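[1] Curious how this folds, go ahead:
(chains A, B and C)
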Amino acid sequence: MLEVRGLTKRFGGLTAVAELSFSIVQGEIIGIFGPNGSGKTTLLNLVAGLARPTSGVILWQGTNIAGWQAHQIAAAGLVKTFQNPQLFPELTALEHLLIAGHLALKRRLGWQRLATLFRHAQASQTLAHRAREVLALCRLDAAREARAAELSYGEEKMLGVAMGLMCEPQLLLLDEPASGLGAEEIANLERVLRDLKREGMTLCVIDHKVGFLRQLADRAISLHHGAKIAEGTPEEVLRNPSVVSAYLGRAHAAI
Amino acid sequence: MTQLIAGQLLNGAIVGTLYGIVALGVTLTFGITGIVNFALGVFMMLGAYAAWYFADTVGLPYPLAVLAAVGVTAAAGLAADQALFRFTRNNLVNGLLVSLGLIAVLEACALLVFTATPKEMHRVLPGIVMLGGLVLPKMKLVVFALLLTVIFATYAALTRTWTGRAAYAYAQNPEAAALMGVATARLQSGVVVYSCGLAGLGGALYAALYSLEPTLGSLFILKAVEAAILAGIGSVTGALLGGVILGVTEGVGSIYLPLAFRDAYGLVFLVLILLFKPAGLFAGRR
Amino acid sequence: MKRLAGTALVAAALLALPLATQSDFVLTILVFAFLQGMLAVSFNLVFGYAGQLSMFHAAAFGIAAYATHLFGKHLGVGYWGGVVLAAALVAAISVVVGAICFRFRLREFYFAVVTLAFSEMARLTVLNWNSMTNGSLGINLQERPIDGTLAWYYVALGALAITLVVCWRLVHSWMGRAFVAIRLNDELGDTLGINVFRYKLVAFTAGSIMAAFAGSLYAYFLGSLEPGLLSIDTSLGIIAMVLLGGRRAVAAPVLGALVLTALPHLIHFSAEIRSLVYGAILIFSILVMPQGIYGAAAQLIRRHA
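    This next block holds a predicted model:
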């Protein structure tokens, strides 16, 4: 589904991502581990079109999307959420989702959506219905009419996921969805992600918190200083000595 | 021909220092308060009319008139800061709108008080100087020298005194500076007042060279902002260089292209710089 | 339903107004107010809804005014032909200016400065192209395509109504939602699949086209053309109308237009005092009443409801 080959990103003298290659298969949940600064967020930004690669190829269903603009990549089915929740100030949760329904409407109607500008739209009923469905899936019903500023941190992050879902993605990239969340919220998040997987969605989750990904992911990759140092099932990767030393320092790896 | 070009070059450089001093005000204000203060143009106009008033109507000797003008402008700057700019720190759009409003108000006041009839100040320092075949009014040289002194003195103050370095540090990293004990509110107000004073000085010196109209501020501020952005908003020496570059290209350009286009260069320059290098040509340098 | 009834009532009142007052004075003020209202409402689409502070709106207004006359005179297409061609010209220029600005992803402040620069360039062109525009002297318009204050009243009212309907439909559609997304967080909008460049350009161009129509009508009602139509003063007036009236409702800027148009006629203002008032309103609105008259009124009603 997604194949990354030789992906490199340099910021002046700093190499954030170094010759990274891996692939994601449809229907799986793949986890990307790595301590802070290992290039995880940069990787996601590159794939989602928020940054341009210095070199390398990003193949999405056979097409090279490296250098595409963010909205084009979203339209192609690849959607990313933000680690620090990005929201629309003053709008309610429902309004956020209505805005996020833009892409789905475009897909469904194409150029004909211009006609709906001056006719009373059937589309807005379908849209509102879908938005409520997604809110229910993300267990945000209670917060439906709450403004962005009134939401708790966990709800903000969930809203980010919900907005991503409204875009009907085939691959959802989640940037540290569990960071900053309490135990109950993490359990909630896990439930939602498992529900998504059951419905056939492919997920790529990055996090530096190991526990959350360990149970959730089918497969895992570990990054360190922008390069892949291990690949396999979560258990295999976490037992890998280079991974342990990356997280905890060389002394612990020997143990 | 070369004499004409040389003459325009020199003239352009002198006009450039006038742009530069206002540009310096623009750049300092932006670095510290985060807004581009378009109103500095009217403060320049205020300084010009104040100097004219003190010199010709009140009868003060010119140097005193200049000092008085600077004092008036700085005081006006303080008033404006406390009443208006204080509420739009770091909000560029609101800051712009408030500045535009202030400009309209002050220009209208000037029109009402002084009318649109151009005012000419008496000749302060008549006489010319011969520079290798080129004729230069003495006053222009004095203005040039004075402005350069003030600009470099500002640069020195920024890099050598404690207040200056605090300001510099604040512009680089506001939070860290605040934690180190830099009084941010006072610093921001201080910068606004100082910039208005600089603009007032520019205006007071302008008054000795050219005739005054209430709209002179608007003409100047656009050039000053162009100069500041040209050289990298936030750069002190850049502001001077930007001003001089602008002044010189305008002067030399006016030989070859019709007068009408003189104002247009700056605009085209400005657009190109903002499109390709919004941080300015000299960005990164201070 | 309540809103529809209210709107219908206002519309009926405005339509019937000339029956109640024979005063040419009142009708003239209202024509100016309606046309300025068109300007303000279309500016609000770009600024209040899409979040782009465009200083080019006055230029669109002025260019269309001049172009209507020049096309009509030199191409022999008459007034209405000139109006259409002028709008097309403004649309083309807006697409170019907008594409340049948005392609380079200019942030709000720099966008304002660049559009200001383009606007000044347009004004300088008009000021100096003496052969076509008669420079600073302006042009006296002899043609009377619409005759009589009463006819003008209904034309202006109609034009304003069309502008309001178009803006209202846009704002309450999926495109309006895209505008809001762009205003509040365009990076987020980008990741959600909204083509930020395209919709900024659409808002900007649509606004400019409506300003162009306003310009074509305004100049001919006024009876003269002068470079001041494209000046920063005009831009200031437009911003003042929108800030005063309110940004959060499509029709709110009309309130600002009504106040600012009627005021100079009720209290005799010289040009200087008018600038002073605009400036003061700008400052007052930003610092004290950013929601405008409409917003403040809405707040009051909500509190006492």
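[2] pLDDT averaged over stretch C:44-52 - what is it?
    Averaging pLDDT along stretch C:44-52 gives 93.
[3] separation between the residue of the stretch 51-200 of chain A found nearest chain B and A:Ala128?
    Of all residues in the stretch 51-200 of chain A, the one sitting closest to chain B is A:Pro89 (13.9 Å; C-beta to the nearest C-beta). C-beta: built from backbone N, CA, C; applies to glycine. Using C-beta to C-beta, to the nearest Å, A:Pro89 is found at 22 Å from A:Ala128.
[4] so where do the strands sit in the chain?
    Picking chain A for this. A:2-11, A:14-24, A:29-33, A:55-60, A:63-64, A:78-80, A:171-175, A:202-206, A:219-224, A:227-232 (DSSP state E).
[5] my question was about chain B
    B:128-131, B:134-137.
[6] which one of A:Pro89 and A:Ala128 has more residues nearby?
    Taking other C-beta atoms under 10 Å in any protein chain shown, A:Pro89 and A:Ala128 do not tie; A:Ala128 has more neighbours (14 against 9).
[7] residues in contact with the more buried one?
    The contact partners of A:Ala128, taken as C-beta atoms under 8 Å, 6 or more residues apart in numbering or on different chains, are A:94, A:98.
[8] how about C:Glu108, what does it touch?
    B:92-93, C:51-53.
[9] So which of the strands of chain B is the most surrounded?
    Ranked by mean neighbour count, the strands of chain B are led by strand B:134-137 with a mean of 15 (mean count of other C-beta atoms under 10 Å in any protein chain shown).
[10] Other residues contacting that one?
    For strand B:134-137, contacts defined as C-beta under 8 Å, 6+ apart pick out B:3, B:6-7, B:10, B:125, B:127-130, B:209.
[11] and if we set it to 10 Å?
    Residues outside strand B:134-137 that contact it (C-beta atoms under 10 Å, 6 or more residues apart in numbering or on different chains) are B:3-4, B:6-7, B:9-11, B:14, B:123, B:125-130, B:143-144, B:208-209.
[12] ok, which stretches of chain B are helices?
    B:2-33, B:40-52, B:62-83, B:92-114, B:138-160, B:162-172, B:174-179, B:184-209, B:216-231, B:236-256, B:262-276 (DSSP state H).
[13] right, and these - which one's nearest chain A?
    Nearest of those to chain A, taken as C-beta to the nearest C-beta: helix B:92-114 at 15.0 Å.
[14] distance between the closest one and the chain's centre?
    In terms of C-alpha atoms, centre = their mean, to the nearest Å, the centre of helix B:92-114 is set 16 Å apart from its chain centre.
[15] by contact count, what packs against that helix?
    With contacts taken as 3 or more C-beta pairs under 10 Å, 6 or more residues apart in numbering or on different chains; DSSP states H and E, helix B:92-114 sits against helix B:2-33, helix B:40-52, helix B:62-83, helix B:216-231, helix C:108-128, helix C:232-245, helix C:271-287.
[16] Torsion angles phi and psi at the closest residue to A:Glu156 other than its chain neighbours?
    With C-beta to C-beta, 6 or more residues apart in numbering or on different chains as the criterion, A:Glu156 has its nearest non-adjacent residue at 3.8 Å, and that residue is A:Pro85. When read as degrees, to the nearest 10, the backbone of A:Pro85 gives phi -50, psi 130.
[17] Show the contacting residues for A:Pro85.
    A:Pro85 is in contact with A:148, A:151, A:153-161, A:163, A:180, C:188, counting by C-beta under 10 Å, 6+ apart.
[18] Ok, B:Thr117 next?
    B:211-214 are the contacts of B:Thr117 under C-beta under 10 Å, 6+ apart.
[19] So which of the residues you listed wins on neighbours?
    Using other C-beta under 10 Å as the neighbour criterion, B:Pro214 leads these with 25 neighbours.
[20] I'd guessed it sits against B:Met44; true?
    No. Using C-beta atoms under 10 Å, B:Pro214 is not in contact with B:Met44, being 11.6 Å away.
[21] Look up how far A:Ala76 lies from C:Ala67.
    Using C-beta to C-beta, we find C:Ala67 at a distance of 42 Å from A:Ala76.
[22] If you count surrounding residues, which of these two has more?
    Neighbour totals were compared for C:Ala67 and A:Ala76, and C:Ala67 leads with 22 against 18 (other C-beta under 10 Å).
[23] pLDDT wise, what is whichever residue of chain A sits closest to chain C at?
    Residue of chain A nearest chain C, by C-beta to the nearest C-beta: A:Leu103 (3.3 Å). Note on A:Leu103: pLDDT of 90.
[24] go on, B:Ala48?
    On the pLDDT scale, B:Ala48 is placed at 93.
[25] ok, now which ones touch it?
    Going by C-beta under 10 Å, 6+ apart, the list of residues near B:Ala48 reads B:69, B:73, B:110, B:119, B:121, B:199-200, B:202-208, B:210-214, B:216-217, B:220.
[26] ok, and the closest non-adjacent residue to it?
    B:Gly203 (3.6 Å).
[27] Can you give me the neighbour number for the one you found?
    B:Gly203 has 33 nearby residues by other C-beta under 10 Å.
[28] Contacts only, for it.
    Counting by C-beta under 10 Å, 6+ apart, B:Gly203 touches B:18, B:21-22, B:40-52, B:66, B:69-70, B:73, B:212, B:216-217, B:220.
[29] one more time with 7 Å
    B:44-48, B:51, B:69 (C-beta atoms under 7 Å, 6 or more residues apart in numbering or on different chains).
[30] Low-confidence stretches in the stretch 151-300 of chain C?
    Applying pLDDT under 70 to the stretch 151-300 of chain C flags residues C:269.
[31] hang on, the earlier thing: so which of the strands of chain A is the most packed in?
    Of those, strand A:78-80 is the most buried (mean count of other C-beta under 10 Å), at a mean of 28.
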